[in-house]
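Participant: Here is my input; please provide its structure:
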Amino acid sequence: MTDAPNLKGFDARLREEAAEDPTLEIPEHAPTKKTQIIAIYGKGGSGKSFTLANLSHMMAEMGKRVLLIGCDPKSDTTSLLFGGKNCPTIIETATKKKLAGEDVKVGDVCFKSGGVFAMELGGPEVGRGCGGRGIIHGFELLEKLGFHDWDFDFVLLDFLGDVVCGGFGLPIARDMAQKVIVIGSNDLQSLYVANNVCNAVEYFRKLGGNVGVAGIVINKDDGTGEAQAFAEAVGIPVLAAIPADEELRRKSAAYQIVGTHATPWGKLFEELAGNVADAPPLRPRPLTPDGLLGLFDTDEETRVVELVPATDEDLRGANAAPKKSLEVIYDDV
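Facilitator: Below you'll find the model as predicted:
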């Protein structure tokens, strides 16, 4: 008969651990693992795919081994890298292979272009499934394909920031990535998403997580400064500012890569690649909704807006006549 374990003092240790302040600062340091797994978040249309396709191409041009994984149901991450060609997604390929009684192989879902290895997780058809659950299923399949044994300098994950469900928060919640980068412009909506991501990082840091925000890439920078002010307010660096340039827009729309030394923007993406590699994961200071709105307040005097509560009579409008009640009213005795 096996001896019972000695649990003396175990209860006390658990109580001490539970009593520790969860808001204690976690040391910030540069990633030490050979492979840097970096999750990039941003609002839909903010330029994540444009930034990542060109960033990954530049990293490969600089001699780095790069894996780019699209985790956006739109599956548009790799289309720029592959000149407008959509590659089969992991989710749709896995479904077809399962119906055929076959196993998914790496060559079915991973493709090469310009020295970059790339794949798309994909997502369900509209109204027929949960995008976040699809992300989880996709990563489970990647693990079966040997993801943790692959040899890369950088693994870049393109995540949609508008969606806040568990699947899209996977890299932050499960410490799958060492750091997060947010993409934003000088507009409220993209910075709202960036602030939301900072909120998620801060939440999981309090629970013992280690993922931090390495910085923000300002895309379509028109020089108005709101994104720069946001970065300063939350305590993260600006890794690059990509100008609002008509030629850049046209080349992106034509599926042309500009993240190469053969173009005038090569130097910009080379600097971005260096900043992405070296930036440590920081613990951000998310803004309150009012603080975020304050970045766009151009009035000299602070506006004071009073919230006026609505009444039941307001809502019922023409039907605001008193309703008869069955409540029994007793006279005072």
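Participant: alpha carbons only for contacts and neighbour counts from here, please
Facilitator: Noted.
Participant: what's near enough to touch residue 114?
Facilitator: Shown in contact with residue 114 (C-alpha atoms under 8 Å, 6 or more residues apart in numbering): 57, 60-61.
Participant: swap in residue 292?
Facilitator: 188, 191-192, 230.
Participant: Can you add pLDDT and give the contacts of residue 114 back as JSON lines?
Facilitator: Putting these into JSON lines (pLDDT from 0 to 100) gives the following:
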{"residue": "57", "pLDDT": "96"}
{"residue": "60", "pLDDT": "96"}
{"residue": "61", "pLDDT": "96"}
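Participant: ranges for the strands of the stretch 201-333 of the chain?
Facilitator: For the stretch 201-333 of the chain, strands defined by DSSP state E, counting those that start in this stretch occupy the ranges 212-221, 238-243.
Participant: Compile these into JSON lines and extend it with columns for mean neighbour count, mean pLDDT and distance to residue 201.
Facilitator: Shown next, in JSON lines, are the strands of the stretch 201-333 of the chain (neighbours: other C-alpha atoms under 10 Å; pLDDT from 0 to 100; distance: least, C-alpha to C-alpha, whole Å):
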{"stretch": "strand 212-221", "mean neighbour count": "25", "mean pLDDT": "95", "distance to residue 201": "6"}
{"stretch": "strand 238-243", "mean neighbour count": "19", "mean pLDDT": "96", "distance to residue 201": "18"}
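Participant: Make TSV out of those and add distance to residue 112.
Facilitator: Listed next are those as TSV, based on distance: least, C-alpha to C-alpha, whole Å:
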stretch	distance to residue 112
strand 212-221	25
strand 238-243	26
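Participant: of all those, which lies closest to residue 275?
Facilitator: strand 238-243 (5.8 Å; C-alpha to C-alpha).
Participant: Which residues does the residue most central in space within the chain form beta bridges with?
Facilitator: In the chain, the centroid-proximal residue (C-alpha atoms, centre = their mean) is residue 41; its distance is 2.7 Å. On the basis of DSSP bridges, residue 41 is bridged to residue 159, residue 182.
Participant: any idea how far it is from residue 316?
Facilitator: 43 Å (C-alpha to C-alpha, to the nearest Å).
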